[in-house]
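[1] Provided below for reference: sequence and predicted model.
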Amino acid sequence: MKKRLSTLLEVVIFIFPALILLLIFVVIPAVKTLSLAFLNAEGQFIGLQNFSEVLLSNDIINFDRFPIKSPPWGALIHNGLWIAIHLPSVVALGMILAVILRDAWGGKVIKSIIFLGMITPMVVGGGIVTFIFDERSGVVNGILRFLGQDQWIRSWMVYPDTALLALILGSILLWTGFSLILYSSGLSTIPQEWYEAAEVDGANAIQKFFYITVPSLKPVTITVVSMSLLWELKVFDMVYTATGGGPGGSSTVLALRMYSLAFRALDPNRSAVIATLLTVLTLAIGLLLVRSTSKIQE
C-alpha cells in the first residue's frame, strides 16, 4: 500500500507542473476566448449575436461574388480553396517525387534542396513567393516569357483573380519537401520482395505503384494529410507577409481575418468567434483523422 502511494506521489509530482502549465497557457485562454465570443465590448452577454454577425458577413463567405465573380469570396472559401488545391498537390507530388528519386542518381541531394523550402520560415516564404511571381524578375513570368506566352505575364500578387492562386502554388512549392521526406522514409519500410514478386507476375511500374506503393504508404499519407490540413486551416504568416490579405481582401484567410478583427479593428469579441470556428474545424478534422488511423491499424 505504501509502495503504491509512493508511486502515485511520484507520478503526481512529475505531472503536476505540466498540468499547471497546460491550465495556464491552454485551458484558461481557451475558455476566456470562448466566453468573449458571447459578450459585447461592455462585457454583457449577447448570446449568438457575434456569431451571426461574423459568420454571415461577406468577409467569411461572400455569396454575392462566389463562385461566378472574381475574388474576394470570403475567408472561409479561401481556406477551402487552399485545402482543395494544396492538400492533394502536396500528397501527390511528395509521393511521386519520393518514388522517382528513391534510386535516382543524386536523389539525396535533390531531396535536400526540395526540403529547404519546408525548413524556411513561412514569413520568409511569403517573400520568396512574392519574388517568384514578380512581374519583372519572377521565375514564373520568366518561364512564360520563354514559352512566348506574354499575354499571361503579370504581377500575380496585384490582381484579385490571381493573388490567392499564386499564394497557394507558392505554398505547394515550399511544403512539398515535408511530404517528400515522409514518403521517402515510408518507402524504405516496404519489402523489396513485394516488388520482385509483382514483377514475376508481370506487373508494370504503374501497377506496382498503385497496388503496392500507395496502399503501403497509407499510414504516412494520414500523417501528411493531418499536418497539411492543420497548416492550411491556420495559414497566416505567408499571406500576411506576401499580400496582407489583399488586394481588396482577395487572399484573406480565417487566421488573418481573426488577426485583423483583434488588432486592427480592436474587436476581440468578434475575433474570438473566428478563433472558435477554427478550433471547431480543427477538432472535427482531428477526430476524423483519428478514426481513419484506427481503422487502418485494425
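    That came through fine. Residues are numbered from 1 along each chain as shown.

[2] Quick check: chain neighbours aside, which residue is closest to Leu254?
    With C-beta to C-beta, 6 or more residues apart in numbering as the criterion, Leu254 has its nearest non-adjacent residue at 4.8 Å, and that residue is Ala75. All C-beta spots, glycine's among them, are computed from the backbone N, C-alpha and C.

[3] Isn't the one you found up against Thr252?
    Yes - assessed by C-beta atoms under 8 Å, Ala75 is found in contact with Thr252 at 5.0 Å.

[4] which residues do those two both contact?
    By C-beta atoms under 8 Å, 6 or more residues apart in numbering, Ala75 and Thr252 have these common neighbours: Asp59.

[5] rewinding a little: per-residue confidence for the residue nearest to Leu254?
    Ala75 is assigned 91 on the pLDDT scale.

[6] Run a quick neighbour tally on it.
    Look at Ala75: counted by other C-beta atoms under 10 Å, it has 27 neighbours.

[7] which residues touch it?
    Asp59, Ile60, Thr252, Val253, Leu254, Leu256, Arg257, Ile274.

[8] and the second one, how many residues sit next to it?
    In this case it means Ile60. 21.

[9] three-state assignment of it?
    Look at Ile60: counting by DSSP: H, G, I helix; E, B strand; the rest coil, its state is coil.

[10] Please tell me how far it sits from Gly74.
    Counting by C-beta to C-beta, to the nearest Å, the separation of Ile60 from Gly74 is 5 Å.

[11] could you pull out the helices for the stretch 101-250 of the chain?
    According to DSSP state H, counting those that start in this stretch, the stretch 101-250 of the chain carries its helices in the segments 107-119, 122-132, 139-146, 160-187, 192-200, 205-208, 214-216, 218-234, 237-242.

[12] got the angle for the longest one vs helix 139-146?
    Between helix 160-187 and helix 139-146, the angle formed by their directions is 110 degrees, by axes from the mean of the first three to the mean of the last three C-alpha atoms, to 10 degrees.

[13] Could you list the buried residues of helix 160-187?
    160, 162-184, 186-187 (16 or more other C-beta atoms under 10 Å).

[14] Same question for the second one.
    Of the residues in helix 122-132, those buried by neighbour count under the rule 16+ other C-beta under 10 Å are Met122, Gly125, Gly126, Ile128, Val129, Thr130, Ile132.

[15] export those to JSON lines and tack on distance to Phe236 and pLDDT?
    Listed next are the buried residues of helix 122-132 as JSON lines, based on distance: C-beta to C-beta, whole Å; pLDDT from 0 to 100:
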{"residue": "Met122", "distance to Phe236": "8", "pLDDT": "82"}
{"residue": "Gly125", "distance to Phe236": "12", "pLDDT": "84"}
{"residue": "Gly126", "distance to Phe236": "10", "pLDDT": "86"}
{"residue": "Ile128", "distance to Phe236": "16", "pLDDT": "87"}
{"residue": "Val129", "distance to Phe236": "14", "pLDDT": "87"}
{"residue": "Thr130", "distance to Phe236": "16", "pLDDT": "87"}
{"residue": "Ile132", "distance to Phe236": "20", "pLDDT": "88"}
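
[16] Show me which of those is closest to Val12.
    Met122 (39.4 Å; C-beta to C-beta).

[17] Surely the closest one and Phe178 touch.
    No - applying C-beta under 8 Å, one finds Met122 not in contact with Phe178, separated by 12.0 Å.

[18] With adjacent residues omitted, what lies nearest to Leu229?
    Ile285 (5.4 Å).

[19] quick check: angle from the helix or strand harbouring the one you found to helix 218-234?
    In this assignment (DSSP states H and E), Ile285 forms part of helix 268-297. Using the same axes, to 10 degrees, the inter-axis angle of helix 268-297 relative to helix 218-234 is 170 degrees.

[20] Buried residues in helix 268-297, which are they?
    Quick answer for helix 268-297 (16+ other C-beta under 10 Å): 268-278, 281, 285, 289.

[21] Looking at these, which gets the smallest pLDDT?
    Where pLDDT dips furthest among these: Leu289, at 78.

[22] how about it, what does it touch?
    Ile222, Val225, Ser226, Leu229.

[23] can you map out the strands along the stretch 1-150 of the chain?
    Read by DSSP state E, counting those that start in this stretch, the stretch 1-150 of the chain holds no strands at all.

[24] Low-confidence ranges, it, go.
    1-6, 8 (pLDDT under 70).

[25] For Leu230, give me its contacts.
    Thr282, Ile285.

[26] my bad, should have said His86
    Ile168, Ser171, Ile172, Trp175, Ser228, Glu232.

[27] In JSON lines: those residues, plus distance to Gly47 and pLDDT.
    Output for those, formatted as JSON lines (distance: C-beta to C-beta, whole Å; pLDDT from 0 to 100):
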{"residue": "Ile168", "distance to Gly47": "37", "pLDDT": "93"}
{"residue": "Ser171", "distance to Gly47": "37", "pLDDT": "90"}
{"residue": "Ile172", "distance to Gly47": "41", "pLDDT": "92"}
{"residue": "Trp175", "distance to Gly47": "40", "pLDDT": "89"}
{"residue": "Ser228", "distance to Gly47": "36", "pLDDT": "90"}
{"residue": "Glu232", "distance to Gly47": "31", "pLDDT": "89"}
